[in-house]
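Novice: After the sequence you'll find the predicted model.
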Amino acid sequence: MSGRKTVKVRNWTEEDIPAIVACQRAAYPDFEEHYDERMYAMQFAAFPEGQILAEVDGEVIGYATSIIVLLDEGIDWYRYEEITGGGSFSTHTPTGDTLYGADIAVHPDYRGKGVAGKIYSRRKRIMKRYNLSRMIAHGRIMNYNEQAGKLTAREYVDMVEKGELKDSALNAHLKAGYRVKGVFLDLLQDDSSLNYSTFLEMPNPDFQPVRRKIAGAPLKRAVRQFRVCAAQYQMRKITSWEELRQSVEFFVVTANTYHCHFLVLPELFTAQMFSAMPPEWDSRRAVRELAGMTDQYLDMFRELATQYNLHIIGGSHPVLREGKLYNVAHLFTPTGNVYTQDKLHITPGEREEWGIHPGEGLSVFQTSLGRIAIQVCYDIEFPEVSRLLALAGAEVIFVPFSTDEKRAYMRVRATAQARAIENSIYTVIAANVGNLYGVRTYLLNYGQSAVFAPSDFAFPIPSLSGEADPGVETVVIADLDFASLSQVREFGSVRPLHERRTDIYDLKPKTKIKIIRTE
């Protein structure tokens, strides 16, 4: 076939969804998380008229997704997850007045050929057909990493708008007719934009407000908070797994009684089982015996999380994989699912006395209540890891830990508090206390469970949301307010995530941080 190929723009059908998935993966190869067919099916079901594709000779070469919403003008900005209901488009409101352009992509082989412009024209027709006041979107600033440190993100965007700098993504949005309403740290993994996002608006010049007779309720920002319970676990001599379970269930019932959403237990609290083993066993034999109880550990927490409808960070437990021992934290959800995070940094004692190996990988868990991460004890003393997790979207870092005396405890406490301040996040630490008489490798336990917050006006001084009395079996309970967290990240007295000097230093993970949607 000779000549220029014809680009056809039309609405999707359900049969097009596999091709849409393939186009997204080709267009965004640097994204760790791609939508699957199920998510696109939900978007299509919510608003079929808003889902557009471009094709050449039957091949999908671009697509766009959109929904109608009614937003609260009293709120300066919304995040993608809020507007789209976590990508499901459950927030679609036929009586709304705003078209939200959720996503647009063109296959790399067809860029620079006017395909995006044709898709935008179709979107504008939707806006006019439904008599909507405007179209909004979030956008990347693809070349900001070249100017970061020297310019703030807002200054960079201003210069692009004035024509003093060029940005491949923002220039395309401006050409399409958008204007920039704001620039926010949207906390996505986007190295080129350094996780910044523009909040874009395109007014509808033909909007006729008098024809909009039916009023709808605006999409209010949800008051988003959850309650955490950090156990302060008493290590005492026991004779069986059933006795350990009784101790665990005490904390689960306590968390449930005080209406908590998350319970976190300490690192390696299951080492209490050492007291039920023959005293002549050395540390390596004892810890491998404990690793052999992993199935009992998993069954216990699955049952309790499901029974009490509770998210439980079950401390950590030694796990044997391919002949090697790892110290692994476990997240149990109310549906009975289990997710794990290895301890990455191993102390000399763990290496030499127990034979524990350093684990692999970092994850942020997108739960139904918020984005969380887990760092086990020593891991919190490495600020690079916490910063990477915060930039990947973590709002809370849970820190199960176990320390034998006060100096060790102070290292964990001071660094956990520093991580909360440095990254505008919450950190929650959970401790073992008490003594295991007759157990040579776990004699002493000193700790104090606590919840730390950023240091700004929305939070108590000294960036402490709650702490337990040291040395006793108890819990600390705190409510974590994420509206305040979002505000301090964007408008705080200082904004450490915004004001990084990436022109002087850089921080990137060697492997992509996994974003795991929990069920």
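Specialist: Happy to help now that I have it.

Novice: ok, residues contacting the helix or strand of the chain with the lowest mean pLDDT?
Specialist: None of the helices or strands of the chain scores lower by mean pLDDT, DSSP states H and E than helix 482-491, at a mean of 84. Under the criterion C-beta atoms under 8 Å, 6 or more residues apart in numbering, residues 77, 184-185, 221, 223-225, 370, 395, 424-426, 454, 456, 458-459, 495, 497 lie in contact with helix 482-491. Where you see a C-beta, it was placed from the backbone N, CA and C, and this is true even at glycine.

Novice: swap the cut-off to 7 Å and go again
Specialist: 184-185, 221, 223-225, 370, 395, 424, 454, 456, 458-459, 495, 497 (C-beta atoms under 7 Å, 6 or more residues apart in numbering).

Novice: do stretch 136-153 as well
Specialist: So stretch 136-153 is contacted by 80, 98, 100-101, 156-157, 167-170, 173, 178, 183, 186, 190-194, 196-201, 501-504 (C-beta under 7 Å, 6+ apart).

Novice: First-to-last residue distance for that stretch?
Specialist: Terminal residues of stretch 136-153 lie 19 Å apart, using C-alpha to C-alpha, to the nearest Å.

Novice: Next, name the residue at the spatial heart of the chain.
Specialist: Residue closest to the average C-alpha location in the chain (C-alpha atoms, centre = their mean): residue 371, at 3.4 Å.

Novice: Now for that residue: which residues touch it?
Specialist: 364, 393, 394, 395.

Novice: For the least confident helix or strand of the chain, which residues meet the burial criterion?
Specialist: 482, 484, 485, 486, 487, 488, 489, 490 (16 or more other C-beta atoms under 10 Å).

Novice: Could you list the low-confidence segments of the chain?
Specialist: 1-4, 31-33, 74, 76, 187-189, 210-223 (pLDDT under 70).

Novice: Disregarding residues adjacent in the polypeptide, which is nearest to residue 175?
Specialist: The shortest distance from residue 175 to any residue other than its chain neighbours is 8.0 Å, reached at residue 117 (C-beta to C-beta, 6 or more residues apart in numbering).

Novice: Helix or strand: which one has that neighbour?
Specialist: According to DSSP states H and E, residue 117 maps onto helix 115-129.

Novice: could you point out which element follows that helix?
Specialist: strand 134-139.

Novice: helix or strand right after that following strand?
Specialist: Using DSSP H and E, the first helix or strand after strand 134-139 is helix 153-161.

Novice: and the angle for that following helix with strand 134-139?
Specialist: Helix 153-161 runs at 120 degrees relative to strand 134-139, counting by axes from the mean of the first three to the mean of the last three C-alpha atoms, to 10 degrees.

Novice: Can you point out the buried residues in helix 153-161?
Specialist: Buried, per 16+ other C-beta under 10 Å, within helix 153-161: 153, 156, 157, 160.

Novice: can you tell me how far the first one sits from residue 387?
Specialist: Taken as C-beta to C-beta, to the nearest Å, the spacing of residue 153 relative to residue 387 amounts to 17 Å.

Novice: again, but for residue 152
Specialist: Distance of residue 152 to residue 387, computed by C-beta to C-beta: 19 Å.

Novice: List the contacts of stretch 463-480.
Specialist: Residues outside stretch 463-480 that contact it (C-beta under 7 Å, 6+ apart): 225-234, 251, 254, 258, 260, 396, 417, 420-421, 426, 433, 448-455.

Novice: Now, of the residues you listed, which are buried?
Specialist: Of the contacts of stretch 463-480, these count as buried by 16+ other C-beta under 10 Å: 226-234, 251, 254, 260, 396, 417, 420-421, 426, 433, 448-455.

Novice: Can you list which of those residues are found in helices?
Specialist: 251, 254, 417, 420, 421 (DSSP state H).

Novice: need these in CSV with distance to residue 7, can you?
Specialist: Shown next, in CSV, are these (distance: C-beta to C-beta, whole Å):
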residue, distance to residue 7
251, 61
254, 62
417, 56
420, 51
421, 52
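
Novice: which one of the contacts of residue 371 is nearest residue 105?
Specialist: Ranked by distance to residue 105 (C-beta to C-beta), those are led by residue 393 at 21.2 Å.

Novice: quick one on the thing from earlier: of the contacts of stretch 136-153, which belong to strands?
Specialist: Counting by DSSP state E, the contacts of stretch 136-153 place 98, 100, 101, 183, 196, 197, 198, 199, 200, 201 in strands.

Novice: Just list whatever residues bridge to the nearest residue to the third one once chain neighbours are set aside.
Specialist: Among residues not flanking residue 101 along the chain, residue 137 sits closest, at 3.9 Å (C-beta to C-beta, 6+ apart). When assigned by DSSP bridges, residue 137 has beta-bridge partners residue 101, residue 200.

Novice: follow-up on the earlier one: next, count neighbours for the residue nearest to residue 175.
Specialist: 12 (other C-beta atoms under 10 Å).

Novice: What's the separation between it and residue 105?
Specialist: Residue 117 is 14 Å from residue 105, by C-beta to C-beta.
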